[in-house]
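Asker: Pasting the sequence and the predicted model now:
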Amino acid sequence: MDQGQAASLSQAGFGQAGFAQANNGQQNNQAIDELRQEMASMRQLLQHQVNGLVEQDITRRDPIRSMILEQLATAGFDSEIASQLAIDIPPGADFNTAKQVIKNSIARRLVTTNNDVLEQGGIIALLGPTGGGKTTTVAKLAARYAMQYGSDQIALITTDSYRIGAYEQLNTYGKILGCPVKVAKDAQQLADALYQLRNKRLILIDTAGMGQRDIRLSEQLATLVNTSHVNIRSFLVLPATAQRKVLQEAIEQFRKIPISGCIITKVDEAIGLGEIMSVAIGHSLPIGYVTNGQRVPEDISLVDINELINNVVDQLGDGQSQLSSSSSRFVNLNR
């Protein structure tokens, strides 16, 4: 064997050894990753068991409060909001006492506009996600105002240039009420329309309905913000039928401009009001009106806090069946 052959064999052997070493390193890394995943799963399982023991202890020591928290969660309240509402329940309280505490807690935390936002007149814009009922709500507010002050004191504007028939729908309401309706596609057109209607006591602006993730949303908000020479009060129109996460996301996105309050719609279609009330409390969002049907102008009213609270608290039931269920679960967990 000459030196060249020996060198070739030596290099080949080194290459094979290097490959084997690299392969072993890869296998070791894979084994370490699997071990980490297994340890993470064990930690999650242990945490779940610890949480279960803590929950058992809380249920055993304060079954009424535990049951109230569970029922508030079922009604749609965020866990943190539910804990805040239930914090004042005294130890050993019966279910009826606990329900009254919850009523008082909600009443302290819910914010309202304190008066009819239409009374002072001015310029009001309705914002909100698609399908919230903005156009119908504009018509209801306009009819409510016209009945008290006359249709010659009101005007309507739509900035919705996206939806087919948006202007026609609002214009139909305007013809019925006997008030002018204008369309504004951008900030300049809105400024022009507001100037032309400057002698009206109330101007209602119906904005385009779009998802909070729609890139055109910023255009709609900019249209209102850039009309800076006038004071526009903006109200969110939030459907009571929407999920809590959807409502929260909508508020966060639309609050890029100042929001004066909200109008809760579709109360008649909602299974419960826990989710919308949880969001209103969490964001300290004043509630002005509530709508509960399609009729114009009948199905809109100033918010009645007691009515909203009773709607939620009545869903908590009488407590007896829930307490029995909680007791049964506690017994089963300890077997």
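Answerer: Sure thing, it's come through.

Asker: When you work out contacts or count neighbours from here on, use the C-alpha atoms and nothing else.
Answerer: Will do.

Asker: For residue 145, give me its contacts.
Answerer: 118, 151, 154 (Cα atoms under 8 Å, 6 or more residues apart in numbering).

Asker: just to confirm, which helix or strand has it in it?
Answerer: Residue 145 belongs to helix 134-149 when elements are defined using DSSP states H and E.

Asker: same thing with residue 71?
Answerer: helix 63-75.

Asker: Can you give the distance of the following helix or strand past the helix holding residue 145 from its chain's centre?
Answerer: Downstream of helix 134-149, the first helix or strand assigned by DSSP H and E is strand 154-158. Distance, stretch centre to chain centre, for strand 154-158: 28 Å (Cα atoms, centre = their mean, to the nearest Å).

Asker: which outside residues touch strand 154-158?
Answerer: Counting by Cα under 8 Å, 6+ apart, 142, 145-146, 166-167, 170, 174, 179-184, 193, 197, 200-208 sit against strand 154-158.

Asker: okay, now residue 310: neighbour count?
Answerer: Around residue 310 there are 11 other residues, counting by other Cα atoms under 10 Å.

Asker: Next, residue 92: phi, psi?
Answerer: phi 80, psi 10 (degrees, to the nearest 10).

Asker: swap that for residue 302, sorry
Answerer: Torsion angles, degrees, to the nearest 10, at residue 302: phi -60, psi 150.

Asker: residues in contact with it?
Answerer: 116, 288-290.

Asker: Go again with 6 Å.
Answerer: residue 289 (Cα atoms under 6 Å, 6 or more residues apart in numbering).

Asker: Which residue, other than its chain neighbours, is closest to residue 231?
Answerer: residue 123 (6.9 Å; Cα to Cα, 6 or more residues apart in numbering).

Asker: buried stuff in the helix holding residue 71?
Answerer: Neighbour counts over helix 63-75 (16 or more other Cα atoms under 10 Å) mark 63-73, 75 as buried.

Asker: Closest one to residue 94 out of these, please.
Answerer: For these, the minimum distance to residue 94 (Cα to Cα) is 6.8 Å, reached by residue 64.

Asker: Spatially nearest residue to the closest one (excluding sequence neighbours)?
Answerer: In space, residue 64 is closest to residue 95, 6.2 Å off (Cα to Cα, 6+ apart).

Asker: Tell me where the stretch 201-335 of the chain has strands.
Answerer: 202-206, 232-239, 261-265, 287-291, 300-302 (DSSP state E, counting those that start in this stretch).

Asker: Just put the ones you listed in a markdown table and tack on mean pLDDT and distance to residue 274.
Answerer: Converted to a markdown table, the strands of the stretch 201-335 of the chain look like this (pLDDT from 0 to 100; distance: least, Cα to Cα, whole Å):
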| stretch | mean pLDDT | distance to residue 274 |
| --- | --- | --- |
| strand 202-206 | 93 | 27 |
| strand 232-239 | 91 | 12 |
| strand 261-265 | 94 | 12 |
| strand 287-291 | 93 | 14 |
| strand 300-302 | 91 | 19 |
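
Asker: got these as TSV, with distance to residue 88 columns?
Answerer: Output for these, formatted as TSV (distance: least, Cα to Cα, whole Å):
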stretch	distance to residue 88
strand 202-206	42
strand 232-239	29
strand 261-265	28
strand 287-291	24
strand 300-302	29
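
Asker: Show me the one of these that comes nearest residue 279.
Answerer: The minimum distance between residue 279 and the strands of the stretch 201-335 of the chain falls on strand 232-239, with 10.3 Å, by Cα to Cα.

Asker: strand partners of the closest one, parallel vs antiparallel please.
Answerer: Here strand 232-239 has these sheet partners by DSSP bridges: strand 122-127 (parallel), strand 261-265 (parallel).

Asker: Mean neighbour count, those strands: which tops it?
Answerer: By mean neighbour count, with neighbours taken as mean count of other Cα atoms under 10 Å, strand 261-265 ranks first of those at a mean of 25.

Asker: on that earlier part again, got the angle between the helix holding residue 145 and strand 287-291?
Answerer: 100 degrees (axes from the mean of the first three to the mean of the last three Cα atoms, to 10 degrees).

Asker: Pull out the buried positions in helix 134-149.
Answerer: For helix 134-149, by 16+ other Cα under 10 Å, it's 134-146.

Asker: same question, stretch 234-248
Answerer: Buried, per 16+ other Cα under 10 Å, within stretch 234-248: 234-242, 244, 247-248.

Asker: Which parts of the protein are helices?
Answerer: 3-61, 63-75, 79-86, 95-109, 134-149, 166-177, 187-196, 217-225, 244-254, 274-282, 305-313, 320-333 (DSSP state H).

Asker: weakest of these in terms of mean pLDDT?
Answerer: Per-stretch mean pLDDT for those is lowest at helix 320-333 (a mean of 48).

Asker: Of all the strands paired with strand 232-239, which one comes closest to residue 109?
Answerer: Judging these by Cα to Cα, what sits closest to residue 109 is strand 261-265, at 14.6 Å.

Asker: As CSV, the buried residues of helix 63-75 with distance to residue 301 would be great.
Answerer: Formatted as CSV, the buried residues of helix 63-75 follow (distance: Cα to Cα, whole Å):
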residue, distance to residue 301
63, 38
64, 35
65, 34
66, 35
67, 33
68, 30
69, 31
70, 31
71, 28
72, 26
73, 28
75, 24
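
Asker: wait, which of those is closest to residue 311?
Answerer: Looking across those and measuring by Cα to Cα, the closest to residue 311 is residue 75, at 10.5 Å.
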